[in-house]
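Participant: need a structure here:
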Amino acid sequence: MLLTFIGVPVSVIGTLMHWPSIFLFIIYCLTIIALSSYMGRATESLAIVAGPRIGGLLNATFGNAVELIISVFALKAGLVGVVLASLTGSVLGNLLLVAGLSFFIGGLKYKRQKFNVYDARHNSGLLMFAVMIAFVIPEVFSMDMNDTKKLSLSVGISVILILLYLAALFFKLVTHRGVYQSDNEAQHHDEEPEWGKGRAILVLLIATLAVAYISENLVHTFEFVAESFGWTELFIGIIIVAIVGNAAEHASAVLMAFKNKMDVAVEIAIGSTLQVAMFVAPVLVLISLFFEKSMPLLFSWQELIAMVSSVLLMVVISNDGETNWFEGLTLLAAYVIMGIGFYLL
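Facilitator: Numbers count the residues shown, from 1 in each chain. Model prediction:
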């Protein structure tokens, strides 16, 4: 609590007074971590009151709102490559880093952790569609297209992705809500939330706005930090921006796993990935039409192969509805391997 109340005003003051970039970089990172604890507590309260699906969905939504804001500013500046890289980084980060840390930390405390197997299988199908169909197909077909047709293809696919994502939410939260309920969800209904629904949403909203402001300023320090450490623009977009932009929801997922609330942890990690792939990315494509430089939904082959591999690994690991620390370590190892590859690329 103390770090939050000190970090936020110091971040604002440091930004206005133009303190050294490396000093601001450290302050911003620490403040975001402090704010993430509030987002975690708010998510836990919402998960108890409204259920793990809605709690995890709200956390993922507010968390991705930060990345969406940062990406819009980047698109306005014409940094299409950085935005695409950060989207790739979000998919890899959520599926491998967030889920991996959650499974690993939770698995150190509990030998076996269970989550809703029906949700896992439902999410697996959507993940394979969003990444392996909606992301790969444009790259394959665009090989024999000019720039105008590439953009038209991207816009068409973006509209379809948004509509299917809204349909998926309607399926999970309205028509089939409670149909595929796990034992874990029934147990959490007996718990007392720390905050009521209204206060939890308010805390989540305020924390997200603070994280968005600090994250936007943090992005401006990346160029100096990159030059200091010799990092490339691709590495910054896929690894650094993605980690910082989603730091709050990362911490929330790990906290839920440590408390053996795996339905919420999985909903944050996988639900956030689906939201990035099926909503955030297509929305950014449509928003880019209003800027000087439009963004087609076209990733490099290295990015596509990394995302497809991550999806396949997550599907294999999560489809049984159980996890342990070794499966978490496997996901983390895959993330480190890809991180090394993008660093050296």
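Participant: can you tell me which residues contact residue 60?
Facilitator: 249, 267, 268, 271, 272, 275 (CB atoms under 8 Å, 6 or more residues apart in numbering). No exception for glycine: its C-beta is placed from N, CA and C like everyone else's.
Participant: what's the helix or strand for residue 293?
Facilitator: Assessed by DSSP states H and E, residue 293 sits outside every helix and strand.
Participant: please apply the same query to the one 3 residues further on.
Facilitator: Assigned by DSSP H and E, residue 296 belongs to neither a helix nor a strand.
Participant: pLDDT at it, what is it?
Facilitator: The model reports residue 296 with a pLDDT of 90.
Participant: so how far is residue 209 from it?
Facilitator: Distance, residue 296 to residue 209, using CB to CB, to the nearest Å: 31 Å.
Participant: one step back: let's see if you can find the most crowded of the contacts of residue 60.
Facilitator: residue 268 (35 neighbours; other CB atoms under 10 Å).
Participant: ok, residue 155 touching residue 288?
Facilitator: No - if you go by CB atoms under 8 Å, residue 155 and residue 288 don't touch, sitting 9.8 Å apart.
Participant: more neighbours: those two, which one.
Facilitator: Set side by side, residue 155 and residue 288 show more neighbours around residue 288, with 25 against 18, by other CB under 10 Å.
Participant: how near is the closest residue to the more buried one other than its chain neighbours to residue 86?
Facilitator: Counting by CB to CB, 6 or more residues apart in numbering, residue 295 is the residue found nearest to residue 288 once chain neighbours are left out, at 3.9 Å. According to CB to CB, residue 295 stands 12 Å off from residue 86.
Participant: ok, these two, which is more surrounded?
Facilitator: Ranked by neighbour count (other CB under 10 Å), residue 295 and residue 86 place residue 86 first, with 29 against 26.
Participant: so which elements touch the helix or strand containing the more buried one?
Facilitator: Assigned by DSSP H and E, residue 86 belongs to helix 80-92. If contacts are counted by 3 or more CB pairs under 8 Å, 6 or more residues apart in numbering; DSSP states H and E, helix 80-92 sits against helix 52-76, helix 233-235, helix 242-245, helix 262-275, helix 281-288, helix 301-318.
Participant: residue ranges in the protein under the pLDDT threshold?
Facilitator: 1-2, 59, 63, 66, 176-191, 242, 244-249 (pLDDT under 70).
Participant: next, the buried residues of the longest helix seen in it.
Facilitator: Taking DSSP state H as the criterion, the chain has its longest helix at helix 21-50. In terms of neighbour count (16 or more other CB atoms under 10 Å), helix 21-50 has its buried residues at 21, 24-25, 27-50.
Participant: same list, the contacts of residue 60, but as JSON lines with distance to residue 12 please.
Facilitator: Formatted as JSON lines, the contacts of residue 60 follow (distance: CB to CB, whole Å):
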{"residue": "249", "distance to residue 12": "23"}
{"residue": "267", "distance to residue 12": "33"}
{"residue": "268", "distance to residue 12": "28"}
{"residue": "271", "distance to residue 12": "32"}
{"residue": "272", "distance to residue 12": "27"}
{"residue": "275", "distance to residue 12": "29"}
